[in-house]
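Asks: Turn this into a structure:
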Amino acid sequence: MSHAVRAITLVLLACVVLWMGHDAKADASAQEEIRAAVAAAQRFLKTLEEGQAGRAILPPGSPLIVNWSNLPATMTQFERNGVRVGDLSAGQRAALSDFLSKALSRRGHRLVRGVMEAERVLAGSWGTSRRGWSPDNYWLAFFGAPAAEQDWNWQFGGHHLAVNVAVRDGVMSMSPSFIGIEPATFELDGTKWAPLADHVARGVALMNALPDEQRRAATVDSRPRELHAGAGRDGVIPPLEGSRVNDWPAAQQRQLMDLIGLWVRVMPQAAAERRLVEIEGERSRLRFAWSGATNGSGPIYYRVQGPTLILEFSVRGSLGATEGHYHSIYRNPTNEYGG
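Replies: Predicted structure coming up:
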């Protein structure tokens, strides 16, 4: 073996060792995230009385897992899964919040809190009793008992929120996930909230950063009334339209991945990074569609779509207005509910 070949071989071996070490570290982090979520779930479940526990844990594989909605509490055609926040004691609520903080990223937990805080604002509005607007009207359910050694799911949601997370063979995934908000911006107890402001700002910035040809290709003539793949529409694949991301400059492709990350990074870090690597692998097959103004003056809709990704964001009403009403859905159509 020549010195040159030997040197190249050693470099390649070093790269393999480094890659294997990084992969092992990522896997260890992912397992730690799952163990933290399991421990917090078990602590929460220990606070429940027998009747509550019976409602909180449903059989694994139960068809009831599809019973989630972004509608207010009184407007669904089915009973929501799990235990209701408003039926929990202060200690049980604290344990539930601790679970969400461990089972989601810090950013994801704050996003969930923001949706529920917006519900507090709506609770002071006309029509509350008829619609059931209340931060109490959110439900947590487990499908299968949370344990590090077995598969399980959890589901948390209510008005404008549905988070579905699965653990399968030591891998955490999230799909479908509905996140909305109304009002879009508000202030409570001296704290200003704008939970989905980045989802608007980064979408607008990306559209404006595209070269003219790609911007024209991204612009579509029509948008869905709500969302193509929203609540009650499992299995629906939207029409593939818009601009081919593979035709974009590298900088705008990176902007798109950052935009996608706003949804994916609701999960803990290692789980989110794993998923973003998957999406990165299909970046050349992604499409981006846009409807609406690009100057931040009115309603917008955008969609990112690929073989394992459906992401939709829809604004109803003026951008940035206190009465703003946003809906979004994130799905991996090849891995819904961990299936």
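
Asks: if I pick L58, what's in contact with it?
Replies: L58 makes contact with L64, I65, N81, G82, A141, F142, F143, according to C-beta atoms under 8 Å, 6 or more residues apart in numbering. (C-beta placed from N, C-alpha, C; glycine too.)

Asks: Tell me which of the residues you listed fall in strands.
Replies: A141, F142, F143 (DSSP state E).

Asks: Closest to A73 out of the residues you listed?
Replies: A141 (15.0 Å; C-beta to C-beta).

Asks: Adding neighbour count and distance to F99, write the ones in strands among the contacts of L58 out as CSV.
Replies: Listed next are the ones in strands among the contacts of L58 as CSV, based on neighbours: other C-beta atoms under 10 Å; distance: C-beta to C-beta, whole Å:
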residue, neighbour count, distance to F99
A141, 23, 12
F142, 22, 10
F143, 24, 15
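
Asks: nearest residue to R131 other than its sequence neighbours?
Replies: P72 (4.2 Å; C-beta to C-beta, 6 or more residues apart in numbering).

Asks: show me what contacts the one you found?
Replies: R131, G132, W133, N137, H159.

Asks: What pLDDT does the model give it?
Replies: pLDDT recorded at P72 is 94.

Asks: before we move on, what about S318?
Replies: 68.

Asks: now do the one 4 residues further on
Replies: As predicted, T322 sits at a pLDDT of 61.

Asks: what do you get for R6?
Replies: For R6, the predicted pLDDT is 60.

Asks: Over to R130?
Replies: What the model reports as pLDDT for R130 is 86.

Asks: Tell me which helix or strand it sits in.
Replies: helix 128-131 (DSSP states H and E).

Asks: buried stuff in that helix?
Replies: Across helix 128-131, burial judged by 16 or more other C-beta atoms under 10 Å covers R131.

Asks: Check stretch 134-150 too.
Replies: Neighbour counts over stretch 134-150 (16+ other C-beta under 10 Å) mark S134, P135, D136, N137, Y138, W139, L140, A141, F142, F143, G144, P146 as buried.

Asks: farthest pair in those residues?
Replies: Pairwise across these, and taking C-beta to C-beta, the largest span is found between S134 and G144, at 28.9 Å.

Asks: Name whatever forms a beta bridge with the residue nearest to E187 when sequence neighbours are not counted.
Replies: In space, and not counting its chain neighbours, E187 is closest to W193: 7.0 Å by C-beta to C-beta, 6+ apart. Beta-bridge partners recorded for W193 (DSSP bridges): F186.

Asks: can you give me the helices in this protein?
Replies: 3-46, 50-56, 90-103, 106-122, 128-131, 197-209, 212-218, 250-264, 269-281 (DSSP state H).

Asks: show me what contacts L122?
Replies: Counted by C-beta under 8 Å, 6+ apart, L122 has contacts T128, W133, H159, E182, P183.

Asks: Which of these sits closest to R274?
Replies: R274 has its nearest neighbour among these in H159, at 30.3 Å by C-beta to C-beta.

Asks: separation between that closest one and S129?
Replies: From H159 across to S129, the span is 14 Å (C-beta to C-beta, to the nearest Å).
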